[in-house]
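Undergrad: what follows is a predicted structure for the sequence shown.
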Amino acid sequence: MSSSAPGTPRRVLPPITTEVDRAALDELETSIEVELARLRCSSRGPNELSYTVFKDAFDKLIQHATAYCNLLTAIKAEYEAVIEDLQEGQREAFYLEGRLKATAAEPTTVVNYRRRADELKQKMSVVQRDNARLSAELDRVRAAREAMLKKDEDDKSTQKPRRTDFKPIPGLSLEESTDVKMLTKYRTKLDHQLKELHVSRNTKYAPKARKQELKETLTKQVNMRHHLADRTGRLKNRCQKLKVAVEVAGIYQEKPAENHSLSDMILMALTSQTLGFAFKGMSGQRDTPFSFEDDDPNKEKEAEMLLEYIDKFHELFDAGDYQEAAIHAANSPKGILRTPETMAKFKNVGTEALLAYCEALMSSVSALSHLPSAEVCLECVRCALSQHRLDLVTHWIAQNSLQLTEEIANALCEYAEQNPLSGPVCLALAQAVFTAIQAHREAAVCMCRQGKVYNMVEYAHSTGSFQTADWEHVLQTCPSLELARSLVKPYSSQPPALQLGQAVSTLLQTEDYLMGLQLLQETHDNFPAGSPSGSLHHAVFDDSTTTYESWLHIAQTAEEHGYEDVGLELLTSVIVKYVLNKVSEETASIQYLYDQQIS
């Protein structure tokens with residue numbers, strides 16, 4: 001831009017006179033205010049954003065004022081150059097300030113680095129010592145492991161190979177085999193059984209050589225007994241003959257016979273074996289038989305032996321040796337201690353003592369060939385089951401050591417309900433007991449509870465004693481759809497055990513009454529070939545035992561539980577059958593009256 005000469009008046013810019021210029025300036029000012037407000041820039045102090053806004057506004061002004069374009073462009077360039085220098089100086093000052101701070105802090109940093117280096121050296125020394133210790137321990141462990149492996153190899157060469165065919169634990173499912181509580185309980189049970197086996201081995205069993213010795217001793221004792229028995233018999237016979245001779249001599253001395261000598265009288269008495277018969281024909285005075293059975297001294301000895309045996313039992317019992325006392329009582333002569341009173345005595349002590357007596361009692365049955373009473377047998381079974389010794393009950397039943405009763409079978413059924421794991425075995429034993437005592441109904445129930453439905457049906461028909469009430473009892477006790485189907489079908493050219501109405505009515509009386517409705521639905525869905533009506537219609541007409549009221553109740557129950565089609569068909573068939581029966585009765589009545597009038 002050119003400057004004016006000295007002494008000359010300064011050139012003044014022309015004023016803005018046009019309206020267009022004023023409008024442009026106003027618009028520019030408004031634009032500046034709007035941008036500053038949008039950017040939230042303060043109107044005071046330097047700000048880079050406001051600088052950018054004014055820079056853009058200045059460019060717009062240059063574009064509008066074309067007459068001053070060169071002048072305004074030069075002014076802008078000067079201002080931008082100054083601002084650029086200021087910014088560059090500011091950046092340089094910030095950089096120098098950072099360098100100054102870093103230079104001032106350099107001694108402290110060096111000290112910190114040296115301190116950190118010392119700490120790391122100490123840690124390295126600790127780590128090296130630990131590494132050396134761990135290395136030595138690792139070498140020791142490796143050496144011990146090599147020695148152990150070598151020892152195991154030596155043991156394997158001398159021992160039998162280990163089993164690898166592991167099997168599940170008998171009586172436990174896979175879930176129970178992984179349950180710690182169940183395994184602990186099962187281990188306690190096995191420990192108890194092992195303890196009982198040890199006791200049994202020490203008290204009930206002996207080496208095989210000992211058995212042979214006892215057998216030889218028994219043979220000798222038996223032979224000695226036979227010899228003494230023969231000698232005793234001969235002596236008794238001789239003693240009896242002497243008694244007869246002495247008594248005959250005494251009678252003959254009091255009243256001698258005229259036609260017989262004393263020797264003849266004695267011979268006749270010994271021949272007739274009764275003095276009454278000998279003297280009846282001679283004197284006619286004695287007409288009652290004379291007995292020569294005086295007091296036998298052996299009986300007194302036997303009584304003394306029994307008392308000594310009982311005293312020995314009380315001695316063992318009072319001393320707390322219940323195992324020996326139980327064996328002593330079970331093998332008592334003439335069964336004097338094989339009584340409910342003895343069992344109650346052991347029962348008052350505890351279950352283990354009672355179980356020992358029960359085992360000894362059952363073990364002696366085969367030797368004595370005499371079964372305990374039903375009361376004692378029942379108590380033995382209950383005692384064994386209370387100790388979870390189902391194996392003992394199984395053994396007793398297999399050896400025919402028990403007097404089987406219905407109470408024993410019921411005890412087995414109760415134990416099966418309380419112990420589901422032993423349920424199949426208990427039910428099988430109860431079935432065997434019921435069958436042995438000919439309680440066929442209860443045996444059939446046990447078979448159903450085991451799931452043997454078809455075997456039960458075959459067994460019940462083979463007995464020939466099952467009535468309708470028995471079939472209904474079995475179905476009501478063990479309700480199942482499979483059993484109901486089997487009972488409503490013919491069996492081996494025989495009529496069904498139950499009619500459809502009877503089976504459904506029985507099922508409706510149980511908690512599983514829906515099975516009866518399902519049986520109706522199956523019968524309803526079964527359409528015979530070539531028949532316009534279903535099997536339900538035929539079943540209703542073939543059923544002569546179910547009453548009209550029972551059929552109505554069944555139909556109402558079916559409709560209430562959503563079986564509308566079944567209930568409708570059933571109701572229709574029942575009503576039709578009822579009407580036909582009424583018509584048949586009326587026809588028969590009319591025919592009877594007609595016949596009466598004709599006659």
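TA: Sure, I can see it. Residues are numbered from 1 along each chain as shown.

Undergrad: CA atoms only: put stretch 511-524 into PDB for me.
TA: Extracted as PDB, the C-alpha positions of stretch 511-524 are listed here (Å, rounded to 0.1, in the frame of the first residue of the first chain):
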ATOM      1  CA  GLU A 511     -55.500 -92.700  43.600                       C
ATOM      2  CA  ASP A 512     -54.500 -93.700  40.100                       C
ATOM      3  CA  TYR A 513     -58.100 -93.400  38.800                       C
ATOM      4  CA  LEU A 514     -56.900 -91.900  35.500                       C
ATOM      5  CA  MET A 515     -55.700 -95.300  34.500                       C
ATOM      6  CA  GLY A 516     -59.300 -96.400  34.400                       C
ATOM      7  CA  LEU A 517     -60.100 -93.600  32.000                       C
ATOM      8  CA  GLN A 518     -57.100 -94.500  29.900                       C
ATOM      9  CA  LEU A 519     -58.300 -98.000  29.700                       C
ATOM     10  CA  LEU A 520     -61.700 -96.700  28.500                       C
ATOM     11  CA  GLN A 521     -60.000 -94.500  25.900                       C
ATOM     12  CA  GLU A 522     -58.000 -97.500  24.600                       C
ATOM     13  CA  THR A 523     -61.100 -99.600  24.400                       C
ATOM     14  CA  HIS A 524     -62.900 -96.700  22.600                       C
END
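
Undergrad: now that stretch, how far from the chain's geometric center?
TA: Centre-to-centre, stretch 511-524 and its host chain are 30 Å apart (Cα atoms, centre = their mean, to the nearest Å).

Undergrad: with stretch 246-253 instead?
TA: With Cα atoms, centre = their mean, you get 84 Å for stretch 246-253.

Undergrad: same deal with stretch 337-348?
TA: On Cα atoms, centre = their mean, the centre of stretch 337-348 falls 35 Å from the chain's centre.

Undergrad: same check, this time on stretch 557-570
TA: Offset of stretch 557-570 from its chain centre (Cα atoms, centre = their mean): 39 Å.

Undergrad: show the end-to-end separation of that stretch, please.
TA: End-to-end distance for stretch 557-570: 11 Å, by Cα to Cα, to the nearest Å.

Undergrad: could you pull out the buried residues of it?
TA: Within stretch 557-570, the residues that count as buried by 16 or more other Cβ atoms under 10 Å are T557, A558, E559, Y563, V566, G567, E569, L570. C-beta here means a position set from N, CA and C on the backbone, and glycine is covered the same way.

Undergrad: hmm, who's touching it?
TA: 508, 513-514, 517, 520-521, 524, 534, 536-537, 540, 551, 554-556 (Cβ atoms under 8 Å, 6 or more residues apart in numbering).

Undergrad: if you set the cut-off to 7 Å instead, what comes out?
TA: For stretch 557-570, contacts defined as Cβ atoms under 7 Å, 6 or more residues apart in numbering pick out L508, L517, L520, Q521, H524, G534, L536, H537, V540, W551, I554, A555.

Undergrad: show me which of the residues you listed has the smallest pLDDT value.
TA: Across the contacts of stretch 557-570, the smallest pLDDT goes to G534, namely 51.

Undergrad: beyond the helix or strand bottoming out on mean pLDDT in the chain, next helix or strand please.
TA: Taking mean pLDDT, DSSP states H and E as the measure, the chain has helix 275-280 as its least confident helix or strand, at a mean of 40. Note on helix 275-280: by DSSP states H and E, the next helix or strand toward the C-terminus is helix 297-318.

Undergrad: just put the contacts of stretch 557-570 in a markdown table and tack on neighbour count.
TA: Listed next are these as a markdown table, based on neighbours: other Cβ atoms under 10 Å:
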| residue | neighbour count |
| --- | --- |
| L508 | 19 |
| L517 | 21 |
| L520 | 26 |
| Q521 | 15 |
| H524 | 21 |
| G534 | 17 |
| L536 | 23 |
| H537 | 21 |
| V540 | 25 |
| W551 | 23 |
| I554 | 26 |
| A555 | 23 |
